[in-house]
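1. return a 3D structure for these sequence lines:
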Amino acid sequence: ANPETAPILLRMAGAIARDLNYEIECLQVLLVPRHTVPSEMPVETQVSRRLLKQAERIGARDGISVHTQIRVAHDVADAVLDVIRDRHINLLVMGWKGRSFTPDRIFGDTVDTLLRQASCDTIAIKFAPKALGKSPAPLNRWLVPMSGGPNAKQAISFLPALVGLSPHPDIHLCQVFAPEESQPDKMTLQEAQGFLQEALDCPTIVTPLFSSSVAEATIELSGQLGADAIVLGASRKGFLQQAIEGNIPNAIVRGCRCTTVLFRSAQS
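-> Numbering: from 1, shown residues only. Okay, the predicted model is just below:
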């Protein structure tokens, strides 16, 4: 949807597609008013076709099958869900702006709906301003908070593909433990570190943190490291309750200035 973020979003999707031997389905949704019939509404597609042609060129360059389509719809999320069903999509990769101003929404109307309802794995990426533009800063320093849940663990499996885009990557794995834990269980951190050390030829550093606030400890470490990107897991269950009680991924997104990769597993 956004010409500014499309190139880097396509590069990330392409890296994952190469790693998993996937094809890419690029979708452009053109919105029309609710009182109209989408199939009967005349729309201008020149800009959309130019954006999709860019995706086709990237696919041809990297040897990846890229399919493109334009859909006219009343709602972006509904159109995406239709494509996921019709095209049997395994993984949804999308960008998002950041915060929501709707009380019962955490990440925004479209992203919240897709995190709740998409039947496939989902990656939503919020790009920091420094990662965009004509001379974008590379995503070299990656921070991955681990919680032991399925989303954080599965997000690790996508890291080798994404980190492959970085010229000089290093990865920092962290987990926040209660201050009173004298002998915390570091098994989750050690398993993730072992997997990444086998898959990647770059430094992978483990950092246990002790704090009563997961979000505050993670944000502080992100600042200390000068992280370029942070990878978070998000559940699609109980979003309204999370909004009331305090959503940890949302708090981290708001507190960090780096690029944020939000992962939600289809099984979560």
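
2. could you pull out the strands for this protein?
-> For the chain, the strands defined by DSSP state E cover 24-31, 66-73, 91-95, 121-126, 141-145, 170-177, 204-210, 229-233, 259-264.

3. so residue 188 makes contact with residue 177?
-> No. In this structure residue 188 lies outside contact range of residue 177 using C-beta atoms under 8 Å: 10.9 Å. From N, CA and C alone the C-beta is placed, and that goes for glycine too.

4. quick one on the thing from earlier: export the strands of the chain to a markdown table and tack on mean pLDDT, distance to residue 54 and mean neighbour count?
-> Output for the strands of the chain, formatted as a markdown table (pLDDT from 0 to 100; distance: least, C-beta to C-beta, whole Å; neighbours: other C-beta atoms under 10 Å):
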| stretch | mean pLDDT | distance to residue 54 | mean neighbour count |
| --- | --- | --- | --- |
| strand 24-31 | 92 | 9 | 20 |
| strand 66-73 | 92 | 10 | 17 |
| strand 91-95 | 93 | 15 | 20 |
| strand 121-126 | 91 | 17 | 23 |
| strand 141-145 | 93 | 26 | 24 |
| strand 170-177 | 92 | 30 | 22 |
| strand 204-210 | 92 | 34 | 16 |
| strand 229-233 | 88 | 23 | 26 |
| strand 259-264 | 89 | 21 | 25 |
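
5. mind putting the ones you listed in a markdown table, distance to residue 81 included?
-> Output for these, formatted as a markdown table (distance: least, C-beta to C-beta, whole Å):
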| stretch | distance to residue 81 |
| --- | --- |
| strand 24-31 | 11 |
| strand 66-73 | 10 |
| strand 91-95 | 9 |
| strand 121-126 | 11 |
| strand 141-145 | 28 |
| strand 170-177 | 33 |
| strand 204-210 | 36 |
| strand 229-233 | 21 |
| strand 259-264 | 14 |
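
6. which one of those strands lies closest to residue 83?
-> In terms of C-beta to C-beta, the element of these nearest to residue 83 is strand 24-31, at 5.4 Å.

7. name the helices or strands packed onto that closest one?
-> Judged by 3 or more C-beta pairs under 8 Å, 6 or more residues apart in numbering; DSSP states H and E, strand 24-31 is in contact with helix 6-20, helix 46-62, strand 66-73, helix 76-86.

8. which of those has the lowest mean pLDDT?
-> If you rank the helices and strands packed on strand 24-31 by mean pLDDT, helix 46-62 sits at the bottom with a mean of 85.

9. what are the buried residues along it?
-> 48, 51, 52, 54, 55, 58, 59 (16 or more other C-beta atoms under 10 Å).

10. and it, how far from the chain's centre?
-> 21 Å (C-alpha atoms, centre = their mean, to the nearest Å).

11. now stretch 78-90
-> 18 Å.

12. tell me which residues of that stretch are tucked away?
-> Buried, per 16+ other C-beta under 10 Å, within stretch 78-90: 79, 80, 81, 83, 84, 89.

13. switch the helices and strands packed on strand 24-31 over to TSV; also include distance to residue 94.
-> Shown next, in TSV, are the helices and strands packed on strand 24-31 (distance: least, C-beta to C-beta, whole Å):
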stretch	distance to residue 94
helix 6-20	8
helix 46-62	14
strand 66-73	14
helix 76-86	8
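
14. please tell me how far residue 186 sits from residue 138.
-> Residue 186 sits 30 Å away from residue 138, going by C-beta to C-beta, to the nearest Å.

15. in this structure residue 6 contacts residue 51, no?
-> Yes. Residue 6 lies in contact with residue 51 (C-beta under 8 Å); the separation is 5.9 Å.

16. next one: the nearest residue to residue 111 once chain neighbours are set aside from residue 77, what distance?
-> Distances taken as C-beta to C-beta, 6 or more residues apart in numbering put residue 96 closest to residue 111, at 4.5 Å, once the chain neighbours are dropped. According to C-beta to C-beta, residue 96 and residue 77 sit 12 Å apart.
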